[in-house]
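Novice: The sequence and its predicted three-dimensional model are supplied below.
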Number of protein chains: 6
Amino acid sequence: MNAIDAAKAIAMLSQVSAAALTGFMYKKHGMRSRSVSNVRPLDGNTCRMVGRAYTIRYVPQREDLNVATDLGHPDSLLLRAMEEIGEGDVLVMDMQSCAHVGGLGDVLMTRLIQAKAAGVLADGGMRDVGDLKTMGLPIFCTGPAAPPGPVAIMPAGVQELVGCGGVAIFPGDFVVGDDDGAVIVPAHLAIEAAEHCIAKERQDSWSRQMVADGHGVRGYYPPDAERLAQYQAWVARQPPG
Amino acid sequence: MNAIDAAKAIAMLSQVSAAALTGFMYKKHGMRSRSVSNVRPLDGNTCRMVGRAYTIRYVPQREDLNVATDLGHPDSLLLRAMEEIGEGDVLVMDMQSCAHVGGLGDVLMTRLIQAKAAGVLADGGMRDVGDLKTMGLPIFCTGPAAPPGPVAIMPAGVQELVGCGGVAIFPGDFVVGDDDGAVIVPAHLAIEAAEHCIAKERQDSWSRQMVADGHGVRGYYPPDAERLAQYQAWVARQPPG
Amino acid sequence: MNAIDAAKAIAMLSQVSAAALTGFMYKKHGMRSRSVSNVRPLDGNTCRMVGRAYTIRYVPQREDLNVATDLGHPDSLLLRAMEEIGEGDVLVMDMQSCAHVGGLGDVLMTRLIQAKAAGVLADGGMRDVGDLKTMGLPIFCTGPAAPPGPVAIMPAGVQELVGCGGVAIFPGDFVVGDDDGAVIVPAHLAIEAAEHCIAKERQDSWSRQMVADGHGVRGYYPPDAERLAQYQAWVARQPPG
Amino acid sequence: MNAIDAAKAIAMLSQVSAAALTGFMYKKHGMRSRSVSNVRPLDGNTCRMVGRAYTIRYVPQREDLNVATDLGHPDSLLLRAMEEIGEGDVLVMDMQSCAHVGGLGDVLMTRLIQAKAAGVLADGGMRDVGDLKTMGLPIFCTGPAAPPGPVAIMPAGVQELVGCGGVAIFPGDFVVGDDDGAVIVPAHLAIEAAEHCIAKERQDSWSRQMVADGHGVRGYYPPDAERLAQYQAWVARQPPG
Amino acid sequence: MNAIDAAKAIAMLSQVSAAALTGFMYKKHGMRSRSVSNVRPLDGNTCRMVGRAYTIRYVPQREDLNVATDLGHPDSLLLRAMEEIGEGDVLVMDMQSCAHVGGLGDVLMTRLIQAKAAGVLADGGMRDVGDLKTMGLPIFCTGPAAPPGPVAIMPAGVQELVGCGGVAIFPGDFVVGDDDGAVIVPAHLAIEAAEHCIAKERQDSWSRQMVADGHGVRGYYPPDAERLAQYQAWVARQPPG
Amino acid sequence: MNAIDAAKAIAMLSQVSAAALTGFMYKKHGMRSRSVSNVRPLDGNTCRMVGRAYTIRYVPQREDLNVATDLGHPDSLLLRAMEEIGEGDVLVMDMQSCAHVGGLGDVLMTRLIQAKAAGVLADGGMRDVGDLKTMGLPIFCTGPAAPPGPVAIMPAGVQELVGCGGVAIFPGDFVVGDDDGAVIVPAHLAIEAAEHCIAKERQDSWSRQMVADGHGVRGYYPPDAERLAQYQAWVARQPPG
């Protein structure tokens, strides 16, 4: 996907919800596991996130391998991730579900903001969360954790296909997060998914209004043939938006 | 229980806490499992809930059974629940502890509000929680989850005896929720429970004031015979309330 | 440790974060398990806590032993804890990881405030949390739980070496809590830990500023020899603080 | 399904493995959750089981309801199950995943044998397993558990659609168990499944022989077009039967 | 309890099953949690165990405390347990549910045999289980685990009230284990429990025979008034045993 | 490590236990996480395994990617592993802890035997275990599971650094399994580990004999200075072995 298409996909995905996207991927493509488990926004005020995955994969720590865990080592993989990650990327951390250590703290989060990253998704914890909540970067993780990552894990690779919270994530997949959590959209489905969901959410808004008006659910959500026609007529009457 | 008694029970139960009710059911009736596990209010601002259980029971999904999961099917059990639920009812969803799917979203929640339901209790997740938090209906569940329910579960029955978060719930049982979580009061105990807890909480407030005044816990919480007399004399002096 | 040293340690530890302390204990003393698992501040506004551990140990309940669980019994261990706990102490409750019962409610919390305790750390739940959040005492626990403690546990001893959330805690150990959770500092390491962390956090602030200024992570976090000299020169230029 | 077809299905399913059946249901019908979780044969010597589901559903216990749990009560649902279950049935117990209680002991297992039941499938424990292992009835459950069922659960219904170990099970579904565990075949798929798996296992045996002979996996498992022809020619050469 | 009574209790308890004992304690004394969770016999051939609890309590390891974990240190608590444990005792190890380390290996198990201990009950793992299975001592634990205990835990006390697998255990309580697991009988109930269970198991054997003879469950298990009389008449006819 | 050294290491490691190896790595190298969690031998009769790791890494399945999961595809990574694995290798499968699917069945296990592989280590399940138990290849896994792997996971890479059951495993690491489970020895420590453990196990046998002879544990296990000399004198008297 070229940069123009990616920017377009991000712009469109920014208009739809994580819930709608999982519905689309399940109903249209039979994908049941596109929502990242055990992950929530660290701060309710910065939980809207859209970007493309830059992945880093961890494995359990081996206590004698300082190279792997020392950010000061010139070959550090985490250092490499910090230098390679680009504007609009979401740093996806396969932390092996380690909720009891913090993968990043305030200094590295400062670097991500400086690099114009779109956010962080990790199936593990984060440190310095008091500071992190003030910094404005969307962070989806298992929650706060004081101990540093090397207590339990070490990086094993960057920009590989990874598993994170029970979801397969390829570098370049789209990551969309909101109050409902984070979902992963395969790159080749991003435009189709966004188009479908924009239309679906508009229709759902209409259904919701009908229900609020006392029409009941039956025939209105989902709309049966008669109400679908009614909805489409209503859409046709709207000013172009 | 007739409607007048139920209304009275709801009015009385609205004055007492979930904590006091579990204490009553444990100490007076030996009931140890009346508090719903792994469930919390979705929004701290709308977590006070009292109502009677209208139950729906789910089982794991079978991928080929569209009838069961399609709300558009005329025999949908979830649709039936949406149509039958009445004023003051709490929709109790036995979701088989599926925290990774969302049982209801904004449209169906709109229907519940329209039906004057008292709230929702589910041992599973909810979708569109960003919207849900703005709608004002008390919702006790395992938390947000983007994927739709049919990814994992399908309805199997309504208004049956169900298990929800480790608690047996009969249709018509009273559901009381607050910051401490949701508890279930068997219908035949509701008035007794409320009366007991109103008295107990008044006494506890007195004990708390005594402790705050520096009297210490011993003899004051719980009050021994001497302080109980002192408390009762104090109660007798209060203006009728 | 005498009272003067303890007061000094508390004053110094109050300046550093739980994250920095776990880093110190891991890197300098090889301690990997000093952060209490599954515990979070009950209220984000009162999550800064520093004090010394006063411990109480629970075991699973035996249904026929009223003595152990009745606070009104003169030999109650919980009552003893309430009377012995002193100014600056943190009540550490080894609740056997029972998240489904509440160890303390509003009356006993009032007593702790009256005794000038520094806070509560428990690997179990708390009751009356709506009230507790208004009382101002820092509480680190697994979360809200309506049922009273005796439903599941009973006290077995006070001021013993206990395990709490996977951490060994001796009476007198220092407990430090913030948004990242609660960590335990052995008494003999408290001053060393605080001194190290005060210096480390100052250096990290400098690294963070360098990163924010666009210098990148490499060489600045952690600083290599050249930047360390640069940092130390900068420190030397600061007014005494 | 009439009795003759059911007997035929049982006879055919008795020739195939649980593994082959899950493969068939996944690849041909997109069913991913037909294998019962956390369940294993109580005794390796009696783990081959084929039969049709007779279901009983439990909910968490309510301590004051003796009717529900007392087998001596004339309306006991478990008693009803014991009287209704017929030859070739598998008693499927939705025990709400309670591994810490035993659903049945030696007396009721004696009744099942007397009724010519085909076996037991339960997502909970069993009691008296020392005896049970000598009785010869196939039992798939979570393992041994000394406490009686009423400590935690009570029956809520028989012959309903239930969930057991994460699988939806209708009365009349086929249950097939072997060393790999227990799987559920929807009644309408039983003949098709058995036919497919008999053929598939024959082909796999041929592949296995080719691999054992040193041909390697590539092209032989699964067979490519050339080897499929080779296999089919081999099949054609075999004597009927 | 004096030694004669204890020997009598052990002799009687040796005739009854763990299942019957949990039934007795639940029905006659309302005790729901007397069966040790997550524990099974290491070897099916040596799973019959009856003895009195000698307890040792562990807490999580603190990496700098060699005294606590070094068996070679003269003050080692585990060493003390090895020296104090007596004939007929069951070593009860509260290992804080650490299934990933082995509490004892072949050398210490040799010591227990030499001391004529009745067995081991631990809510953690054991090492050298290949050897252990050949040694004949009943061991109830979570299963095999290669790493030594000090990797995760250290002793904190002996002969204290402990929690083990969710059960409160006092020194001197009776421990009874069989294929169904291990249960704890409070010392003051041991004789009553054994008497009750011996009678109950005799009656259940009669019920089982009746069921095997085709009488069905109703009226026979449990026996109604008529069959109870029939059973008692049968008992009266038996030769004294 | 060259082939001669590797063969020597395997020969030596074959004389020592998993328990002794974890003790060595913990005490001499501070390594606490070298034992693979949640993994046990599929068959007690074939649980002795020593070999070098050939790794394959899985991630969660993406439902639309047949290439990744179809063994018939020429680029299949699992097919590649089957072709590359060599004599004396242990196939190490990072199955993302998926115990509910079977990674390998009887056909691929036949291939491993044909390739003279030393065994299989997987943090997931295996299929066709009835057959597998008759085939003689040591298999350490989470247990039986009927569903095929693609229901949940797909291969992402071979011969990479992986995490398996909480342990970092490099290709070429030594895997040693016995009744206590499977442990991982870094290649550079293999000879040192084996030498240490051979000596340690000899000394422990002496201690065990002393304890069996009634000397007690104190001073004998571990031996103090006096008994160490006694032991060494005994060693010196033994015929060369």
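Specialist: The structure has been received and is ready for your questions. Note that the coordinates shown come from a computational prediction; the quantities given were computed from them, not determined experimentally.

Novice: Read off the pLDDT value for A:C164.
Specialist: On pLDDT, A:C164 comes in at 98.

Novice: ditto for the one 10 residues further on
Specialist: As summarised for this prediction, A:F174 has a pLDDT of 98.

Novice: Show me what the longest helix along chain A is packed up against.
Specialist: Identified as the longest helix of chain A according to DSSP state H is helix A:190-212. In this structure, helix A:190-212 packs against helix A:3-13, helix A:18-29, helix A:225-237, helix B:106-114, with contacts taken as 3 or more C-beta pairs under 8 Å, 6 or more residues apart in numbering or on different chains; DSSP states H and E. Where you see a C-beta, it was placed from the backbone N, CA and C, and this is true even at glycine.

Novice: let's see it at 6 Å
Specialist: Packing partners of helix A:190-212 (3 or more C-beta pairs under 6 Å, 6 or more residues apart in numbering or on different chains; DSSP states H and E): helix A:3-13, helix A:18-29, helix B:106-114.

Novice: and it, C-alpha only, in CSV?
Specialist: In CSV, the C-alpha atoms belonging to helix A:190-212 read as follows (Å, rounded to 0.1, in the frame of the first residue of the first chain):
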residue,chain,number,x,y,z
ALA,A,190,-8.6,-1.3,5.2
ILE,A,191,-10.4,0.7,2.6
GLU,A,192,-13.2,-1.8,2.2
ALA,A,193,-13.6,-2.0,5.9
ALA,A,194,-13.8,1.7,6.4
GLU,A,195,-16.3,2.2,3.6
HIS,A,196,-18.5,-0.5,4.9
CYS,A,197,-18.4,0.7,8.5
ILE,A,198,-19.1,4.3,7.6
ALA,A,199,-22.3,3.2,5.8
LYS,A,200,-23.2,0.7,8.6
GLU,A,201,-22.8,3.2,11.4
ARG,A,202,-25.0,5.7,9.5
GLN,A,203,-27.7,3.1,9.2
ASP,A,204,-27.3,2.1,12.8
SER,A,205,-27.8,5.7,13.8
TRP,A,206,-31.0,5.8,11.9
SER,A,207,-32.1,2.5,13.6
ARG,A,208,-31.2,4.0,17.0
GLN,A,209,-33.3,7.1,16.3
MET,A,210,-36.2,4.9,15.2
VAL,A,211,-35.9,2.9,18.4
ALA,A,212,-35.7,6.0,20.5
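
Novice: List the buried residues in that helix.
Specialist: A:190-191, A:193-194, A:196-197, A:200-201, A:203-204, A:206-208, A:210-211 (16 or more other C-beta atoms under 10 Å in any protein chain shown).

Novice: contact partners of it?
Specialist: Outside helix A:190-212, the residues within contact range by C-beta atoms under 6 Å, 6 or more residues apart in numbering or on different chains are A:9, A:12-13, A:15-16, A:20-21, A:24, A:174, A:185, A:220-221, A:231, B:106-107, B:110-111.

Novice: same thing with stretch A:124-143?
Specialist: Stretch A:124-143 is touched from outside by A:38-39, A:41-43, A:46, A:49, A:95, A:98-99, A:101-106, A:109, A:113, A:119-122, A:144-145, A:177, A:182, C:19, C:179-180, with contacts defined as C-beta under 6 Å, 6+ apart.

Novice: Can you flag the buried ones in the contacts of helix A:190-212?
Specialist: Buried residues within the contacts of helix A:190-212, counting neighbours by 16+ other C-beta under 10 Å: A:9, A:12-13, A:16, A:20-21, A:24, A:174, A:185, A:220-221, A:231, B:106-107, B:110-111.

Novice: Show me which of those is closest to chain D.
Specialist: Nearest to chain D out of those is A:F24 (C-beta to the nearest C-beta; 17.7 Å).

Novice: which ones are touching that closest one?
Specialist: Contacts of A:F24 by C-beta under 6 Å, 6+ apart are A:193, A:196-197.

Novice: Mind putting these into CSV with pLDDT?
Specialist: As requested, the contacts of A:F24 are exported to CSV (pLDDT from 0 to 100):
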residue, pLDDT
A:A193, 98
A:H196, 98
A:C197, 98
